[in-house]
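Visitor: all I have is the shape, not the residue letters:
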């Protein structure tokens, strides 16, 4: 069995959906699970719907939702003729559910409301892709991830109940698949369910993670993530020239790159695969016959090409004790708990006798509340418009070339990794 994951860029329009069908058709004689993200920028558009609802601008929220509906029906009209009534009815029903949600009473729990609205994107994309595959001769069955990927009630960052999830996936998709007969199953990335009435999401860009969950639970032979790049590159080609494709790499190196902010692989994706030694392939949906990148336990050769990762929109928070007392363990415990409570992740940190500095993603909702709490006990200073540069397998020449004479707010080196916080370039 194989698991394929197609991201938003791979199903952004009718031509892209047809291309997905072409790729899947090549593997339809093998057991295949296809996980699909929301189409194009649908998640961003639905976040705008959510934000309008939170401002209590319901008419605007409904207007924005209509734009999402129009975009999806444009794709449907390009893929199908008028005879595809069941699909149109199904899509209308999904939109109607969210319309009714917006018009009705919603509890004052933003994260809950977010998940109920934004999860619409994956449901729409998979319904359309499933119908189109059947229409083009690739028989498949649609599965609802809300009933399979069981989670707790941590909306927007739900934690998976692995025991329930594995049992449900194996008794549904696993039972549906018959080895050698080429069954194709379609399901959603990013979303799950705490119970029948509470949809949850696994965090932004969580569809890669979802695909790894399905692969893990089904003991798949491999997982392939289809991207708009030829594989894992040593840098973002939009920011760096002369990027190099990494043919093969270990789980460890790929986890490091994902943790530091490499956008090709979601940070949570690799652990479920590593647990069962399931290889991960990263390939181009624009050139599906190209080899891409293979990530597994023991590559024949370890790559040592310098890899560059830039994490933009960073804020540096510096804390100091008011009485010049040392930043001791009890202070650090208190500080860390505040970050956990407010859901703010530390990207890099550094301490001295009376100061503790931490770099975080700029979040205009979470950071003001966090800093207000920290000011009760500490002197708080901060810098904005920074970027965090990480170089994996660095050398002196590479560092000097990238950093030059720019101001360095925090600089750290380990055996394999160089990290520096810089002003926005």
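Guide: Cool, the structure landed. Worth saying up front: this structure is predicted, and the values here are computed from it rather than measured.

Visitor: in whichever strand or helix holds residue 333, which residues are buried?
Guide: Assessed by DSSP states H and E, residue 333 sits inside helix 329-341. Neighbour counts using 16 or more other Cβ atoms under 10 Å place 331, 335, 338-339 of helix 329-341 among the buried residues. The C-beta positions use only the backbone N, C-alpha and C, and glycine is treated the same way.

Visitor: equivalent analysis for stretch 255-268, please.
Guide: Applying 16+ other Cβ under 10 Å to stretch 255-268 flags 255-258, 260-262, 264-268 as buried.

Visitor: and the helix or strand bottoming out on mean pLDDT in the chain, what does it pack onto?
Guide: Sorting the helices and strands of the chain by mean pLDDT, DSSP states H and E puts helix 251-260 at the bottom, at a mean of 84. Applying 3 or more Cβ pairs under 8 Å, 6 or more residues apart in numbering; DSSP states H and E, we find helix 251-260 packed against helix 270-275, strand 293-296, strand 307-321, strand 378-392, strand 417-423.

Visitor: mind checking how far the helix holding residue 333 is from the chain centre?
Guide: 27 Å (Cα atoms, centre = their mean, to the nearest Å).

Visitor: likewise stretch 411-418?
Guide: 26 Å.

Visitor: from here on, call the first residue 43.
Guide: Shifting the count to begin at 43 puts that one at stretch 453-460.

Visitor: for it, give the mean pLDDT please.
Guide: The average of the pLDDT scores along stretch 453-460 is 92.

Visitor: hmm, who's touching that stretch?
Guide: With contact meaning Cβ atoms under 8 Å, 6 or more residues apart in numbering, stretch 453-460 is reached by 298, 302, 390, 392, 432-436, 441, 461-463.

Visitor: buried residues, that stretch. List them.
Guide: Applying 16+ other Cβ under 10 Å to stretch 453-460 flags 459-460 as buried.

Visitor: what's the first-to-last distance across stretch 69-87?
Guide: End-to-end span of stretch 69-87 (Cα to Cα, to the nearest Å): 33 Å.

Visitor: before we move on, what about stretch 296-313?
Guide: So stretch 296-313: terminal residues 11 Å apart, Cα to Cα.

Visitor: next one: stretch 429-448
Guide: First-to-last residue span, stretch 429-448, Cα to Cα: 12 Å.

Visitor: buried ones in it?
Guide: 429-436, 441, 444-445.

Visitor: re the thing from before, mean confidence for the helix holding residue 375?
Guide: Helix 371-383 comes out at a mean pLDDT of 90.

Visitor: what is the nearest of the buried residues of stretch 297-310 to residue 167?
Guide: residue 308 (17.5 Å; Cβ to Cβ).

Visitor: ok, the closest one to residue 165 distance?
Guide: Here the distance between residue 308 and residue 165 works out to 20 Å (Cβ to Cβ, to the nearest Å).

Visitor: over to residue 175?
Guide: The value you get for residue 175 to residue 165, if Cβ to Cβ is used, is 16 Å.

Visitor: run through the residues that contact the most far-flung residue of the chain relative to its centre.
Guide: Relative to the centre of the chain, and counting by Cα atoms, centre = their mean, the farthest-placed residue is residue 365 at 42.6 Å. By Cβ under 8 Å, 6+ apart, residue 365 lies in contact with nothing.

Visitor: tell me where the chain has helices.
Guide: 56-67, 84-96, 100-121, 127-145, 152-160, 162-177, 204-211, 217-218, 249-260, 293-302, 312-317, 371-383, 408-416, 438-445 (DSSP state H).

Visitor: for residue 359, find the nearest of the ones you listed.
Guide: helix 408-416 (6.8 Å).

Visitor: now the angle from the closest one to strand 420-434?
Guide: 140 degrees (axes from the mean of the first three to the mean of the last three Cα atoms, to 10 degrees).

Visitor: can you state the direction angle for helix 408-416 and helix 371-383?
Guide: 150 degrees.

Visitor: for helix 408-416, buried residues please.
Guide: 408-409, 412-413, 416.

Visitor: can you redo those residues as CSV, where the extra columns are distance to residue 456 and pLDDT?
Guide: Formatted as CSV, the buried residues of helix 408-416 follow (distance: Cβ to Cβ, whole Å; pLDDT from 0 to 100):
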residue, distance to residue 456, pLDDT
408, 28, 91
409, 27, 94
412, 28, 95
413, 29, 95
416, 28, 94
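
Visitor: reformat those residues as a markdown table; add distance to residue 194.
Guide: Output for these, formatted as a markdown table (distance: Cβ to Cβ, whole Å):
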| residue | distance to residue 194 |
| --- | --- |
| 408 | 20 |
| 409 | 25 |
| 412 | 23 |
| 413 | 28 |
| 416 | 28 |
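
Visitor: quick one: which of these is nearest residue 119?
Guide: residue 408 (40.7 Å).

Visitor: my guess is that closest one contacts residue 387. True?
Guide: No: applying Cβ atoms under 8 Å as the test, residue 408 and residue 387 come out as separate, 9.9 Å apart.

Visitor: domain assignment for this structure?
Guide: Domain assignment for the chain by automatic domain parsing gives 44-262, 349-465.

Visitor: show me the contacts for the nearest residue to residue 69 once chain neighbours are set aside.
Guide: Here the nearest residue to residue 69 in space, its sequence neighbours aside, is residue 44; by Cβ to Cβ, 6 or more residues apart in numbering that works out to 6.6 Å. Listed by Cβ under 8 Å, 6+ apart, the contact set of residue 44 reads 69, 72-75, 262-266.

Visitor: tell me who's in contact with residue 450.
Guide: Counting by Cβ under 8 Å, 6+ apart, residue 450 makes contact with 462-464.
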